[in-house]
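>>> Build the 3D model from these lines:
(chains A and B)
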Amino acid sequence: MTEEKTLLQIEDLKLHFRTGKGTVQAVDGVDFHLDYNRAVVIIGESGCGKTSLAKAVLRLLPRNVQTYSGQIRLHNQDVMLLGDEEFRGQVRWVQMSMVPQAAMNALNPVIRVGDQVAEPAMIHMGINKEQALNQARKMFQHVGVPVDFLTRYPFELSGGMRQRVAIAMALVTTPDLIVLDEPTSALDVLTQANIMNLLKRIKKEMGTSFILITHDVGTSSELADDVAVMYAGQIVETGDAYRFFTAPLHPYSQKLMASVPRIRSNQEPDFIPGQPPSLISPPTGCRFAARCHLRFEKCDQEPPVVEQEGRQVKCWLYT
Amino acid sequence: MSVNNDRLDTSMVSDYSKENGGRNQPLLSLQDLRVWFELRRFGFGHAGYVRAVDGVSFDLYNGEAVAVVGESGCGKSSLMKTILGLNRPTKGDVVFRGRHLTSLQSREMRDYRSHIGYVQQDPYGALPPFMSIHRILEEPMIINGIKDKEERNQRIRRAMEEVKMSPVDDFLPKFPHMLSGGQQQRVVIARAMIMNPNLLVADEPVSMLDASVRVEILRLLRNLQKNHNLAVIYITHDLSTVRYFSERIFVMYAGQLIEQAQVDDLLENPRHPYTLALLEATADPDAKNAEEYRDIPPGEPPSLVNPPTGCRFHPRCPHVIKGVCDVKEPPYFEPTPKHLVACWLFENDGVTA
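Numbers count the residues shown, from 1 in each chain, chains lettered A, B, ... in the order given. Coordinates of the predicted model:
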């Protein structure tokens, strides 16, 4: 893990929100790193803090933030030290961009999609409208949208096409890193597979790195080089996709994998009993302990992150 | 009052189940069902039809679980709503428990609907936010004229226990927003079961739920189906959950059923190129997936206003036979027993009646 290979290094990232009921610890001490031209998928149940993690990385924060701390090193620069304006000018869209959840439904309905894709290029690359539209045209070709769609309005496009437009918008400034939040969850099966094909091609042709956030383990394996499993605001396991999908380490990962219905095997899926803990007052010790079938005394204390042949797992079983 | 009797209502449910409890006469029979919606120009003046369901026939027997698989816009929901009696068939008919849907008067319609339970896709959207769980479950019984309050309460308790929402008393006074997604879906299922239906229509019952809960809800539905000898129509776009739930499967494309077979047969020997594409597109978690592209036909499902001539899949089909597929609509062929496929590639494997 030399410095040149590492694009993004996140250490002890925390994002807590103030709410009427108390402090929600949506992201609570997350570490992971991502190399150039690789894709890490973050999987977990809803409410485990996946989307908050994405927003924390891009500093797209709501007003009720209580704590926002930790280190985010991008290109070996600690972007947490930048002010909001500097971050907006130098990092967001320029070095990393995001396709938010349901982006295809968030396009402005009264602006032509070409203009919408060109806008970030004008703002962040300092080019004029004509050049930006050219850039948008290039991106449309990359994502497989016919270029004459540039002058169309969002309602004239199908869901799959709008999702491609949203991806074109994230790509238009040619960032090194794109964060995708559930990019296929609202799409049909064939369209999903087409979008995943597209992301694989972009990764190969443009050398882009991805953080892919999803609850769909099957889809996640389409793009994953590395996998990070999130549970109750923390990452409980990281490792390379190959070994993760064959033999996950953390009991939660194992249960999660076993809950996936498979089409090419007769193995009966199983569910995970119980519910994820509240993020307002998470349990002390291991946060999964209450649902874990392998729980023992030590689990009442916070488990350390254990290095296991290049994979990291936050579980007492491996100490 | 026979509270413990499984079929409480005095209407014809129990009679019917006794008479036709065997699998000889179908519970539900769709006969060349067509549901077209008229398009109007500026509010009046005919501008064509959206042919949402265009010639669907199948029989469903007591206690049988079938799945209808297809992408959004293929007509699954229109099909389902017609079965529920919410759409009127344009042509063809729905025969449920020996009665033709098109012949029913409005009062008979209410009775018809009370025998069909409906599990909606989005549990939160399907539960009125201002009603307590108790009230939500009581409502269908009030509408259907169960006047005895004690009986209503007993049924509510039983339904809640059946969907494993215990302790019941803790949940009944709650409101939908106080429950988790999985619990909300259980309430929706309890509501669908409260009139002791013969048929349950489940429209993507787990697609809004987390993976960890999905299996739990599917298993619950499966148990209800077996314990009550319920017929279930499971509508989904996700082939991977079908295996654990249904016996037969129908693949729908552009308003038509293009392939039908037993589930295992269909998953192991898919015939129609569209079914093959659906299977190819469904990923099991495997690191190898990231190394290769999936072979997916380009394009999108056709417009249902002007569907393609001949086979509706032919513009996207990799095996299209020029001069055949784009001209003549394929009938059902039966390459292996009980496996029907509407595709010209199987012409030489024998035509069904």
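
>>> When you work out contacts or count neighbours from here on, use the C-alpha atoms and nothing else.
OK.

>>> Okay, buried residues for the longest helix along chain B please.
The longest helix of chain B (DSSP state H) is helix B:211-227. By 16 or more other Cα atoms under 10 Å in any protein chain shown, the buried positions in helix B:211-227 come out as B:211-225.

>>> helices and strands around it, which ones?
helix B:181-193 (3 or more Cα pairs under 8 Å, 6 or more residues apart in numbering or on different chains; DSSP states H and E).

>>> Show me where the stretch 151-300 of chain A has its strands.
A:177-181, A:209-214, A:226-231, A:234-240 (DSSP state E, counting those that start in this stretch).

>>> Select, out of the ones you listed, the one closest to B:Tyr293.
Nearest to B:Tyr293 among the strands of the stretch 151-300 of chain A is strand A:209-214 (17.1 Å), distances taken as Cα to Cα.

>>> Now the closest one: average pLDDT?
For strand A:209-214, mean pLDDT rounds to 95.

>>> same deal with stretch B:113-133?
Mean predicted confidence for stretch B:113-133 is 93.

>>> now what about it, what contacts it?
By Cα atoms under 8 Å, 6 or more residues apart in numbering or on different chains, the residues outside stretch B:113-133 that reach it are B:13, B:84-85, B:136, B:144, B:171-177, B:181, B:184-185, B:187-189, B:191-193, B:195-208.

>>> for the residue nearest to A:Gln275 when sequence neighbours are not counted, what are its contacts?
Nearest residue to A:Gln275 in three dimensions, chain neighbours excluded: A:Arg291, at 7.7 Å (Cα to Cα, 6 or more residues apart in numbering or on different chains). When the contact criterion is Cα under 8 Å, 6+ apart, the partners of A:Arg291 are A:Ile272, A:Pro273, A:Gly274, A:Gln275.

>>> next one: A:Leu212
Counted by Cα under 8 Å, 6+ apart, A:Leu212 has contacts A:Ala39, A:Val40, A:Val41, A:Ile42, A:Val179, A:Leu180, A:Asp181, A:Glu182, A:Ser220.

>>> out of those, who has the most neighbours?
A:Ser220 (29 neighbours; other Cα atoms under 10 Å in any protein chain shown).

>>> looking at the sheet around the closest residue in space to that residue that isn't next to it in sequence, what are its partners?
Leaving aside its sequence neighbours, A:Ser220 sits nearest to A:Val41 (Cα to Cα, 6+ apart; 6.2 Å). Beta bridges link A:Val41 to A:Leu212, A:Val227, judged by DSSP bridges.

>>> Looks like A:Val41 contacts A:Asp226 (just checking).
Yes. With contact defined as Cα atoms under 8 Å, A:Val41 reaches A:Asp226; the gap is 6.4 Å.

>>> Could you list the low-pLDDT ranges of the chain?
In the absence of a named chain, this looks at chain A. A:1-4 (pLDDT under 70).

>>> Chain B, not that one
Using pLDDT under 70, chain B drops low at B:1-23, B:350-353.

>>> For it, just list every one of the strands.
B:28-40, B:46-60, B:65-69, B:91-96, B:99-100, B:116-119, B:199-203, B:231-236, B:248-253, B:256-262, B:333-336, B:339-341 (DSSP state E).

>>> To A:Phe140, which of these lies closest?
Per Cα to Cα, nearest to A:Phe140 of those: strand B:248-253, 28.7 Å.

>>> relative orientation of the closest one and strand B:231-236 in degrees?
Taking axes from the mean of the first three to the mean of the last three Cα atoms, to 10 degrees, strand B:248-253 and strand B:231-236 form an angle of 40 degrees between their directions.

>>> and strand B:248-253, which strands flank it?
Strand B:248-253 has these strand partners (DSSP bridges): strand B:65-69 (parallel), strand B:256-262 (antiparallel).

>>> Now these in TSV, please, with extra columns for mean neighbour count.
Shown next, in TSV, are the strands paired with strand B:248-253 (neighbours: other Cα atoms under 10 Å in any protein chain shown):
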stretch	mean neighbour count
strand B:65-69	25
strand B:256-262	24
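
>>> Distance to A:Cys299 for those - can I get that in TSV?
Converted to TSV, the strands paired with strand B:248-253 look like this (distance: least, Cα to Cα, whole Å):
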stretch	distance to A:Cys299
strand B:65-69	43
strand B:256-262	46
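
>>> between the ones you listed, which one is nearest to A:Ile235?
Among the strands paired with strand B:248-253, if distance is taken as Cα to Cα, the winner is strand B:65-69, at 35.5 Å.

>>> Residues touching the closest one, excluding its own?
Taking Cα under 8 Å, 6+ apart as the rule, strand B:65-69 contacts B:60, B:76, B:225, B:230-239, B:242, B:245-252.

>>> Quick one, which of these are buried?
B:60, B:76, B:225, B:230-239, B:242, B:245-246, B:248-252.

>>> need the residues of the stretch 151-300 of chain A near chain B, please.
Neighbours of chain B within the stretch 151-300 of chain A, by Cα under 8 Å from any Cα of the partner chain: A:188-194, A:197, A:200, A:215-225, A:241-242, A:245-246, A:256, A:259-264, A:268-272.

>>> Go again with 7 Å.
Contacts of the stretch 151-300 of chain A with chain B, taken as Cα under 7 Å from any Cα of the partner chain, map to A:188-190, A:193-194, A:197, A:217-219, A:221-224, A:241-242, A:245, A:256, A:259-263, A:269-272.

>>> Mind checking which of those are in helices?
Per DSSP H, these map to helices at A:Val189, A:Leu190, A:Ala193, A:Asn194, A:Asn197, A:Val217, A:Gly218, A:Thr219, A:Ala241, A:Tyr242, A:Phe245, A:Leu256.

>>> Can you lay out those residues as JSON lines showing neighbour count and distance to A:Ala121?
Shown next, in JSON lines, are those (neighbours: other Cα atoms under 10 Å in any protein chain shown; distance: Cα to Cα, whole Å):
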{"residue": "A:Val189", "neighbour count": "24", "distance to A:Ala121": "31"}
{"residue": "A:Leu190", "neighbour count": "26", "distance to A:Ala121": "31"}
{"residue": "A:Ala193", "neighbour count": "25", "distance to A:Ala121": "28"}
{"residue": "A:Asn194", "neighbour count": "23", "distance to A:Ala121": "26"}
{"residue": "A:Asn197", "neighbour count": "20", "distance to A:Ala121": "25"}
{"residue": "A:Val217", "neighbour count": "22", "distance to A:Ala121": "33"}
{"residue": "A:Gly218", "neighbour count": "20", "distance to A:Ala121": "34"}
{"residue": "A:Thr219", "neighbour count": "25", "distance to A:Ala121": "30"}
{"residue": "A:Ala241", "neighbour count": "26", "distance to A:Ala121": "33"}
{"residue": "A:Tyr242", "neighbour count": "18", "distance to A:Ala121": "36"}
{"residue": "A:Phe245", "neighbour count": "21", "distance to A:Ala121": "38"}
{"residue": "A:Leu256", "neighbour count": "23", "distance to A:Ala121": "40"}
